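> Take a look and give me a structure for this.
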Amino acid sequence: MRLSTSALASLPATLRRPAYDREKLKPGIVHLGLGAFARAHLADYTEDALERDFAAWGIIGASLQRPDQRDRLKPQDGLYTFLKRAPAGPELRVIGSVLDVLVAPENPATLIARMASAETRIVSLTITEKGYCHDPATGRLREDHPDILHDLDHPDAPRSAIGLITAALAIRKADGLAPFTAMSCDNLPHNGKVLRGLIRDFAALRDDTLAQWIEAHGAFPSTMVDRIVPATTDTDIAEVESLLGLHDAAPVIGEPFRQWAIEDVFTIGRPAWGEVGAQLVLEVAPFEFMKLRMLNGAHSSLAYLGYLAGHETVAQASGDAVFARFLHGLWAEIIPSVPAPQGVALPDYASALLARFQNPAIRHRTWQIAMDGSQKLPQRLLGTIRDRLKAGASIDHLALGVAAWMRYVTGSDEKGGAIDVRDPLAAEFAKRAASAGRDAKALSSALLGIESIFGTELPREAAFTQAVETQLAKLFQHGAKATAAALTH
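Residues are numbered from 1 along each chain as shown. Below is the predicted model of the structure:
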């Protein structure tokens, strides 16, 4: 039997399931990019909020590319299982806050109408960095992006999140409705400010009065989200089925830890997230800055090194004593550039991160984290490197993280096997890597020449380019583990 509303009664009485009348739940949130993370974070917090203070805050999810998520959730009435992997053992919960899933390419007008509806008070996003159609180095809208050009030519049938949100806001303005709150939950620094700028700039290309209205009346709170959510595997699905006694085609897997800091700026209200563990704050920047540099920067560096060394998961890589020492050295370089948020001791935060990375119950694949590095490096590593260079401080561990990315995007691992490099610039990497071969100087110079990643100033910093080239040469000659081991002695 498949998980569904009618099947809930067959679940064990001890298993958590929606503790409210789901038939009375009305939608109030449209979420763009209803992937695993959103369902293990936003929907999990919203489920708690509905149990605490029931109101019209159901979630309508939207897939911007494929129908897979809709096809898995629709037969289950939007229900799915969240499997929390704790070291002491698994914990299960059936989540009911997702009411429906739309597929934008099939019918963009339906999605736009849902966002433009008076019922919708929040539109949230987890579309990954590349979904913003922006230049990661500057944060500005790429007006030459194919999706942006398409959306300007087809304002009633956009395909980008930026175009879809702007189209819905234009209808709300025409209908005399207040704008919904647009809330990014992606790992972008100042994500609310970035989203505001992108929507404003795109709207101005359509209608300057619309851009002015959005600027004057819109709300774009910045957020910092944190929970490790590995990709769901067939093994996970089988485990959930055995524990649940029902087939769930769409479970999500996550660690027990979760954190959400949100600027408390909303146009038409919000769920009771602050009463169930979210931190409603005046300024999110210190939290997101800490996370981007300490967690995400370490995650990316470990992913490239760990993958190259043959470690499939973060737990395996961070459990390797060599890479654990590397992480401590990396955090020692990062911490001086991070202002501590109120109540946070950064060395303790680093220790907690290592414990989370080493959770053996979480199978977070290094390959998954390694995806889309061209979009991630500027926020996760390069800003810290710039600060360290200005301070005249060492960047050995940071440079090894960048060099490991370069070695990874060549598309060939240390045993000569092919790497499935998933990145918007994968074809460009392959071309430059093919030309450079295993010449560390040629490869580092070629990749540092990609301005959308490294900008124009950093590649002229000799201390940076020489450090990266040195580490890259060692990676080619000795491999990831031996290079990290030499660095940490």
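> Give me the neighbour count for Gly319.
Neighbours of Gly319 under the rule other C-beta atoms under 10 Å: 16. Every residue, glycine included, has its C-beta placed from N, CA and C.
> ok, now how distant is it from His311?
Counting by C-beta to C-beta, to the nearest Å, the separation of Gly319 from His311 is 9 Å.
> ok, Asn163 - how many residues close by?
No, residue 163 isn't Asn; it's Gly. 26.
> show me what contacts the residue lying closest to it once chain neighbours are set aside?
Excluding the flanking residues, the one nearest Gly163 by C-beta to C-beta, 6 or more residues apart in numbering is Asp151, at 3.1 Å. Shown in contact with Asp151 (C-beta atoms under 8 Å, 6 or more residues apart in numbering): Pro158, Arg159, Ser160, Ile162, Gly163, Thr166, Phe202.
> Is Val225 inside a helix or a strand, and which specific one?
strand 223-226 (DSSP states H and E).
> Would you mark the buried spots in the helix or strand just after that strand?
Of the helices and strands lying after strand 223-226 in sequence (DSSP H and E), the nearest is helix 234-244. Under the neighbour-count criterion of 16 or more other C-beta atoms under 10 Å, helix 234-244 has Asp236, Ile237, Glu239, Val240, Glu241, Leu243, Leu244 buried.
> Likewise for stretch 202-214?
Phe202, Ala203, Ala204, Arg206, Leu210, Ala211, Trp213, Ile214.
> doesn't Ala250 make contact with Arg72?
Yes: applying C-beta atoms under 8 Å as the test, Arg72 and Ala250 come out as touching, 4.0 Å apart.
> Can you pick out the residue with more neighbours from the two?
Per other C-beta under 10 Å, whichever of Arg72 and Ala250 has more neighbours is Ala250, with 26 against 15.
> Helix, strand or coil: sort out the more buried one for me.
Here Ala250 is coil, with the state taken from DSSP: H, G, I helix; E, B strand; the rest coil.
> before we move on, what about Ser394?
coil.
> Next: Leu280.
Applying three-state DSSP to Leu280 yields a three-state assignment of strand.
> which ones are touching it?
Taking C-beta under 8 Å, 6+ apart, we find Leu280 in contact with Ile262, Glu263, Asp264, Trp273, Gly274.
> Buried only: go through those residues for me.
Ile262, Glu263, Trp273, Gly274.
> ok, the last one - contacts?
With contact taken as C-beta under 8 Å, 6+ apart, Gly274 is in contact with Ile262, Asp264, Leu280.
> how close does Ser435 get to Arg93?
From Ser435 to Arg93 the distance is 51 Å (C-beta to C-beta).
> could you pull out the strands for the chain?
Here the chain has its strands, by DSSP state E, at 27-32, 58-63, 80-86, 89-95, 98-103, 122-125, 181-184, 223-226, 252-254, 259-263, 279-281.
> any chance of those strands in TSV, plus distance to Thr138 and mean pLDDT?
Formatted as TSV, these follow (distance: least, C-beta to C-beta, whole Å; pLDDT from 0 to 100):
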stretch	distance to Thr138	mean pLDDT
strand 27-32	23	98
strand 58-63	28	98
strand 80-86	37	95
strand 89-95	38	94
strand 98-103	32	98
strand 122-125	20	98
strand 181-184	17	98
strand 223-226	21	94
strand 252-254	33	96
strand 259-263	22	94
strand 279-281	26	92
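> now those as CSV including distance to Gly131?
Output for the strands of the chain, formatted as CSV (distance: least, C-beta to C-beta, whole Å):
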stretch, distance to Gly131
strand 27-32, 8
strand 58-63, 12
strand 80-86, 22
strand 89-95, 24
strand 98-103, 15
strand 122-125, 8
strand 181-184, 10
strand 223-226, 15
strand 252-254, 19
strand 259-263, 20
strand 279-281, 25
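> what's the domain layout of this protein?
8-281, 285-488 (automatic domain parsing).
> for the first one, how far is the first residue from the last?
Using C-alpha to C-alpha, to the nearest Å, the span of domain 8-281 from its first residue to its last is 37 Å.
> Run the chain-centre distance for that domain.
Mean-position distance between domain 8-281 and its chain equals 12 Å (C-alpha atoms, centre = their mean, to the nearest Å).
> For stretch 217-227, buried residues please.
In terms of neighbour count (16+ other C-beta under 10 Å), stretch 217-227 has its buried residues at Gly218, Ala219, Phe220, Pro221, Ser222, Thr223, Met224, Val225, Asp226, Arg227.
> One more: stretch 316-327?
So, applying 16+ other C-beta under 10 Å, buried residues of stretch 316-327: Gln316, Ala317, Ser318, Gly319, Asp320, Val322, Phe323, Ala324, Phe326, Leu327.
> Now flag whichever of the residues you listed is closest to Ala430.
Ala430 has its nearest neighbour among the buried residues of stretch 316-327 in Ala317, at 24.9 Å by C-beta to C-beta.
> so what's the closest one up against?
Per C-beta under 8 Å, 6+ apart, neighbours of Ala317: Leu302, Ala303, Leu305, Gly306, Ala309, His311, Phe323, Phe357, Thr366.
> how deep is the second one tucked in, by neighbour count?
Neighbourhood size, Ala303 [other C-beta under 10 Å]: 28.
> Please name the nearest non-neighbouring residue to it.
Ile369 (3.8 Å).
> For the one you found, grab the count of nearby residues.
24.
> Go ahead and confirm it touches Ser301.
No: using C-beta under 8 Å, Ile369 is not in contact with Ser301, being 9.9 Å away.
> Name the residues contacting each of the two.
Residues touching both Ile369 and Ser301 (C-beta under 8 Å, 6+ apart): there are none.
> which residues does the residue nearest to Met371 when sequence neighbours are not counted contact?
Closest residue in space to Met371, ignoring its immediate chain neighbours: Arg422 at 4.3 Å, by C-beta to C-beta, 6+ apart. Taking C-beta under 8 Å, 6+ apart, we find Arg422 in contact with Ala370, Met371, Asp372.
> quick one: Asp135 from Phe54, how far?
Asp135 is 43 Å from Phe54, by C-beta to C-beta.
> Apologies, that question was intended for Pro360.
In terms of C-beta to C-beta, Pro360 sits 37 Å off from Phe54.
> Compare the two (neighbour count), which wins?
Between Pro360 and Phe54, Phe54 has the larger neighbour count (other C-beta under 10 Å), namely 15 against 11.
> With only the CA atoms kept, save stretch 124-137 in PDB.
Output of stretch 124-137 as PDB, limited to C-alpha atoms (Å, rounded to 0.1, in the frame of the first residue of the first chain):
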ATOM      1  CA  SER A 124      10.000  31.100  -1.100                       C
ATOM      2  CA  LEU A 125      12.800  29.700  -3.200                       C
ATOM      3  CA  THR A 126      15.400  26.900  -3.100                       C
ATOM      4  CA  ILE A 127      16.500  26.900  -6.700                       C
ATOM      5  CA  THR A 128      20.300  26.700  -6.100                       C
ATOM      6  CA  GLU A 129      22.800  29.400  -7.000                       C
ATOM      7  CA  LYS A 130      22.600  28.900 -10.800                       C
ATOM      8  CA  GLY A 131      18.800  29.400 -10.800                       C
ATOM      9  CA  TYR A 132      19.100  33.100 -10.100                       C
ATOM     10  CA  CYS A 133      20.400  34.000 -13.600                       C
ATOM     11  CA  HIS A 134      23.000  36.300 -12.000                       C
ATOM     12  CA  ASP A 135      26.700  36.800 -12.100                       C
ATOM     13  CA  PRO A 136      28.000  35.200  -8.900                       C
ATOM     14  CA  ALA A 137      31.000  37.500  -8.800                       C
END
